[in-house]
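Asker: Would you be able to build a 3D model of this:
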Amino acid sequence: MGNKGVLALRKQLKREQLQVVWLEQHLPNSRQLNSAQQRVAQLCVLKCVVESAALPTTNAATKKSDAEAPLSL
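Answerer: Next comes the predicted model:
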């Protein structure tokens, strides 16, 4: 997912969170609130997955020279 996708995801999450706040104030026992809370939870998980996938991973043996280097203690 590119930068535009990540930004759109964050924007959607923010919108859904505001919807949950409004529903909690005005319709606390509604199905809409339950659905909105589920969407927020799903978007939070998706956001975490996308952000963790975007982070560079560090691997000790990423370069050929590193992999072939002798181990010394």
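
Asker: center of the chain, which residue is that?
Answerer: Central residue of the chain (CA atoms, centre = their mean): residue 47, 1.5 Å from the mean position.

Asker: wouldn't that residue be in contact with residue 13 here?
Answerer: Yes. The pair residue 47 / residue 13 is scored as a contact, 6.0 Å apart, by CB atoms under 8 Å. To be clear about C-beta, it is placed using only N, CA and C from the backbone, and glycine gets the same treatment.

Asker: Would you map the helices across this structure?
Answerer: 3-26, 31-54, 64-68 (DSSP state H).

Asker: Same list (these) but as TSV, adding mean pLDDT.
Answerer: Converted to TSV, the helices of the chain look like this (pLDDT from 0 to 100):
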stretch	mean pLDDT
helix 3-26	94
helix 31-54	91
helix 64-68	58
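
Asker: any residues touching stretch 43-56, and which ones?
Answerer: Contacts with stretch 43-56, where a contact means CB atoms under 8 Å, 6 or more residues apart in numbering, come from 1, 5-6, 9-10, 12-13, 16.

Asker: Now, of these, which are buried?
Answerer: Taking 16 or more other CB atoms under 10 Å as the criterion, what is buried in the contacts of stretch 43-56 is 9, 13, 16.

Asker: Residue 43 versus the second one, what's the distance?
Answerer: Using CB to CB, to the nearest Å, we find residue 13 at a distance of 4 Å from residue 43.

Asker: so who does residue 13 touch?
Answerer: Counting by CB under 8 Å, 6+ apart, residue 13 has contacts 40, 43-44, 47.

Asker: Same list (these) but as TSV, adding distance to residue 28.
Answerer: TSV is the format used below for these (distance: CB to CB, whole Å):
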residue	distance to residue 28
40	16
43	21
44	21
47	26
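
Asker: Can you say which two of those are spatially most distant?
Answerer: Spanning the widest gap among the contacts of residue 13 are 40 and 47, at 10.2 Å by CB to CB.

Asker: what separates the nearest residue to residue 5 once chain neighbours are set aside from residue 31, distance-wise?
Answerer: Leaving aside its sequence neighbours, residue 5 sits nearest to residue 50 (CB to CB, 6 or more residues apart in numbering; 7.6 Å). Relative to residue 31, residue 50 is positioned 28 Å away (CB to CB).
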